[in-house]
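>>> Predicted coordinates and the sequence they were generated for:
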Amino acid sequence: MRIGELAALAGVTTRTVRHYHHLGLLPEPARRANGYREYGLRDAVALARVRRLTELGLSLDEVRDVLADGGFPDGGTGRELAEVLAGLDADLARQEAALRERRRRVRELLRLAERGELPAEGPVSAELTVLFGELSRAGAELPGPEPAMAARDRELLALLDTAMPPAERARLFAALGSLGGAPAASARAYEVYALLDELADAEVDDPRVADAARAVADSLPDEVLAAIGGIPPEFSGASGAPGSSGGEGAAAGFAEALFADLAPAQAAAVRQAIRLLAERAR
């Protein structure tokens with residue numbers, strides 16, 4: 001057989017056959033006098049075996065290990081194949097469990113979408129979706145349009161939903177959820193958002209900066225501070241110098257980006273609020 005005939009018989013392309021030769025997965029056959037490869041039945045059997053192994057999901061390196069254990073295509077104990085298949089089965093089980101969890105989350109989001117409760121910042125975790133819903137209902141009862149800072153706060157929470165370690169995220173959103181479920185606390189949050197909105201075009205020495213800072217600090221109860229482990233030094237100004245690495249560098253970069261995204265007077269109010277919270281936590 002010529003290479004095209006072999007490839008057609010095994011259901012692969014001639015390029016695949018040449019690639020398998022290059023990787024050593026398929027032995028080189030004898031060549032005719034004119035230089036063309038001459039394939040026989042055993043070559044077709046070996047190629048079909050490689051195809052079956054790859055269709056199971058084995059990588060080409062794993063296929064090479066199996067073939068080294070079992071020969072081309074006979075011989076060997078098959079021990080390597082059994083070990084590889086066991087590992088593949090475990091990996092498929094993990095993928096199956098992950099797929100079930102992803103489908104569960106998608107179905108949950110679809111149910112929220114059908115009820116008109118899917119947040120614009122979604123998809124987010126179930127805990128944050130509930131919190132957004134409670135805050136949205138509280139905001140709908142207030143006069144006037146939604147403060148711009150409220151939308152920015154939701155974007156920040158959506159970022160933390162992705163970036164925070166699961167255990168820390170769960171503690172934070174559990175603490176925030178207690179606020180979202182309290183109408184008075186939710187209304188107070190929107191009052192604070194409105195105060196910060198008023199600083200969008202203000203100077204940093206505007207007297208309203210101090211008022212907004214106190215309002216921000218007073219709106220965060222101790223359980224929220226405990227959930228985030230207090231005020232990180234990168235936000236209080238005690239750390240976060242250039243040259244930080246690892247988690248400290250990421251936190252410092254996040255703090256810098258957070259303040260840069262605010263208007264100068266808003267950033268000044270948030271910095272003052274952080275200092276007030278740090279003093280309260282001492």
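Thanks, I have it.
>>> Lowest mean pLDDT among the helices and strands, pick that one out for this structure.
Scoring the helices and strands of the chain by mean pLDDT, DSSP states H and E places helix 233-236 at the bottom, with a mean of 55.
>>> any idea how far the residue most central in space within the chain is from E121?
By C-alpha atoms, centre = their mean, the chain has its centre lying nearest to T162, at 5.5 Å. T162 sits at a distance of 11 Å from E121 (criterion: C-beta to C-beta, to the nearest Å). For the C-beta atoms, the positions are set from N, CA and C on the backbone; glycine is no exception.
>>> Now P143: phi and psi?
Main-chain torsions, P143, degrees, to the nearest 10: phi -70, psi 150.
>>> How many neighbouring residues does it have?
Residues near P143, counting by other C-beta atoms under 10 Å, number 4.
>>> May I have the residues that are in contact with A269?
L195, L196, L199, V209, A210, A212, A213, V216 (C-beta atoms under 8 Å, 6 or more residues apart in numbering).
>>> average pLDDT for the strand or helix carrying it?
Secondary structure from DSSP states H and E places A269 in helix 264-281. If you average the pLDDT over helix 264-281, you get 89.
>>> In what element of secondary structure is the residue located most distally from the centre of the chain found?
Within the chain, A33 marks the point farthest from the mean C-alpha position, 58.3 Å out by C-alpha atoms, centre = their mean. Under DSSP H and E, no helix or strand contains A33.
>>> So P145 lies in a strand, does it not?
No. P145: not assigned to a strand; according to DSSP: H, G, I helix; E, B strand; the rest coil it is coil.
>>> For D197, see how far away it is.
Counting by C-beta to C-beta, the gap from P145 to D197 is 10 Å.
>>> Looking at these two, which is more packed in?
D197 (19 against 9).
>>> Once you drop chain neighbours, what's closest to that one?
Once flanking residues are discounted, D197 sits nearest to P147: 4.6 Å by C-beta to C-beta, 6 or more residues apart in numbering.
>>> Looks like that neighbour contacts E198 (just checking).
No. P147 is beyond contact range of E198, at 9.2 Å (criterion: C-beta atoms under 8 Å).
>>> Between the two, point out the one with more neighbours.
A count of neighbours by other C-beta under 10 Å puts P147 above the other of P147 and E198, at 21 against 17.
>>> measure the more buried one to A184 for me?
17 Å.
>>> Can you pull the poorly scored residue ranges out of the stretch 151-282 of the chain?
For the stretch 151-282 of the chain, applying pLDDT under 70 flags the ranges 177-183, 226-250, 281.
>>> and L172, how many neighbours?
There are 21 residues near L172, going by other C-beta under 10 Å.
>>> Please tell me how far it sits from E83.
43 Å.
>>> still on that earlier bit, show me which residues of the helix holding A269 are buried.
For helix 264-281, burial by neighbour count (16 or more other C-beta atoms under 10 Å) applies to 264-278.
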